[in-house]
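Participant: Sequence first, then the predicted structure, then my questions.
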Amino acid sequence: EPVDPARVPGDTRWATVLRHDRIPFVSHPYEWSFAMLRDAALLHLEILRAALPAGFTTKDGSAYNLQWRGSEPVFIDVGSFEPVRDGEPWAGYRQFCQTMLYPLLLTAHLGVDFQPWLRARVDGIEAEAVRPLFRGFRRLLPGVPTHLHLHAAMQNRHAEATTTDVRAQLRAAGYSRELALATVRGIEKLVRRLDRPPAASHWADYQRTCGYSEQDRAGKEKFVTVALADGPRPRLVLDLGANDGRYARLAARYADQVVAVEQDPAVVDTLYRALRAEGERRI
């Protein structure tokens, strides 16, 4: 929301000052599930698609520019916006590929959990690290020919060229704002098509296979209720080992925000998809 610049201590020459709503809990892309990362990528692309016709672009494309309010992704890097110049490509494209698109391709096409890859590579997964996994018929999977193999080849070709040289070549080739917008729409269409339903796992069916009786569950629910309802309303509750979110949902009745923590990516993805469908904004 805009804030009166006169209320900001120090330099008062700013035309506009913006203040973010406070994010209740900071998380990182390597902690998210597949559907979470995909929805974050789609929000980033949606914002860029709206910015280009208005004469702006984003100089970054990192997944770290997004956070969460419940099951809703939130873009937090207002400072990423800058005026768009004809003949210049999206500066954040490489970051977007490395922190969002390549991780999504790994999981959607190969069934490989991207979280360990991103955890070991804060700047994202480089194209050269992923290309060996997409050989043979896999080279033709959606998004792979253009955004992985061609992208890597162009990076190698222009490895010694300066940014100014590359921009001049693109401008001479007729790369326009309209072409940039069409490219973003194409990436958005690709990301929407990527999916990987949560795989079966031991923890995914834990509520049925565990040794808890109905009496045990009732006792646990009573404990959560008593612990949270007796006293001041908690601002933040952590549910460690949240599984299907049964107790996180209960905790949300008595707390401002609940963070459901779970080690199994498939379980996290199942819970996230359910919370998103419910429109839940506090878990």
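Facilitator: Structure's in. What do you need? Values in this document were obtained by computation on a predicted structure and should not be read as measured data.

Participant: which residues does Leu275 contact?
Facilitator: Applying Cβ atoms under 8 Å, 6 or more residues apart in numbering to Leu275 gives the contacts Gly70, Ser71, Gly245, Ile283. Every C-beta, even on glycine, is put in place using the N, C-alpha and C of the backbone.

Participant: Hmm, Arg281 and the second one touching each other?
Facilitator: Yes: under the criterion of Cβ atoms under 8 Å, Ser71 lies in contact with Arg281, with a separation of 6.8 Å.

Participant: between those two, which one's more packed in?
Facilitator: Taking other Cβ atoms under 10 Å, Ser71 and Arg281 do not tie; Ser71 has more neighbours (21 against 13).

Participant: Next one, pLDDT for that one please.
Facilitator: The model reports Ser71 with a pLDDT of 94.

Participant: ok, the contacts of Leu275 vs Val112, which is closest?
Facilitator: Closest approach to Val112 among these (Cβ to Cβ): Ser71, at 24.4 Å.

Participant: residue contacts, the closest one?
Facilitator: Tyr272, Leu275, Arg276, Glu278, Gly279, Glu280, Arg281, Ile283.

Participant: And Tyr254, how far from Leu238?
Facilitator: 14 Å (Cβ to Cβ, to the nearest Å).

Participant: Looking at those two, which is more packed in?
Facilitator: A direct count of neighbours by other Cβ under 10 Å for Tyr254 and Leu238 places Tyr254 higher, at 17 against 13.

Participant: Okay, that one and Pro232: tell me how far apart.
Facilitator: Separation of Tyr254 from Pro232 (Cβ to Cβ) stands at 10 Å.

Participant: Tell me which stretches of this structure form helices.
Facilitator: Along the chain, counting by DSSP state H, helices occupy 34-51, 93-96, 102-110, 115-120, 127-130, 144, 151-157, 163-172, 177-193, 206-209, 214-229, 246-251, 265-278.

Participant: TSV please, covering the ones you listed and showing distance to Glu82 and mean pLDDT.
Facilitator: Shown next, in TSV, are the helices of the chain (distance: least, Cβ to Cβ, whole Å; pLDDT from 0 to 100):
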stretch	distance to Glu82	mean pLDDT
helix 34-51	10	97
helix 93-96	15	94
helix 102-110	25	97
helix 115-120	26	95
helix 127-130	25	94
helix 144	30	95
helix 151-157	22	80
helix 163-172	14	58
helix 177-193	14	92
helix 206-209	47	58
helix 214-229	45	91
helix 246-251	39	95
helix 265-278	31	94
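
Participant: Save those as TSV, and put in distance to Asp77 too.
Facilitator: Listed next are those as TSV, based on distance: least, Cβ to Cβ, whole Å:
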stretch	distance to Asp77
helix 34-51	10
helix 93-96	11
helix 102-110	19
helix 115-120	18
helix 127-130	23
helix 144	28
helix 151-157	23
helix 163-172	21
helix 177-193	17
helix 206-209	37
helix 214-229	34
helix 246-251	28
helix 265-278	22
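
Participant: For Val259, find the nearest of the ones you listed.
Facilitator: The nearest among the helices of the chain, by Cβ to Cβ, is helix 246-251 at 8.3 Å.

Participant: residues making contact with that closest one?
Facilitator: Here helix 246-251 makes contact (Cβ under 8 Å, 6+ apart) with 207, 217, 220-221, 224-225, 228, 237, 239, 242, 258, 260, 271, 280, 283.

Participant: repeat that with 6 Å
Facilitator: Residues outside helix 246-251 that contact it (Cβ atoms under 6 Å, 6 or more residues apart in numbering): Glu221, Val224, Leu228, Val237, Asp239, Ala242, Val258, Ala260, Ile283.
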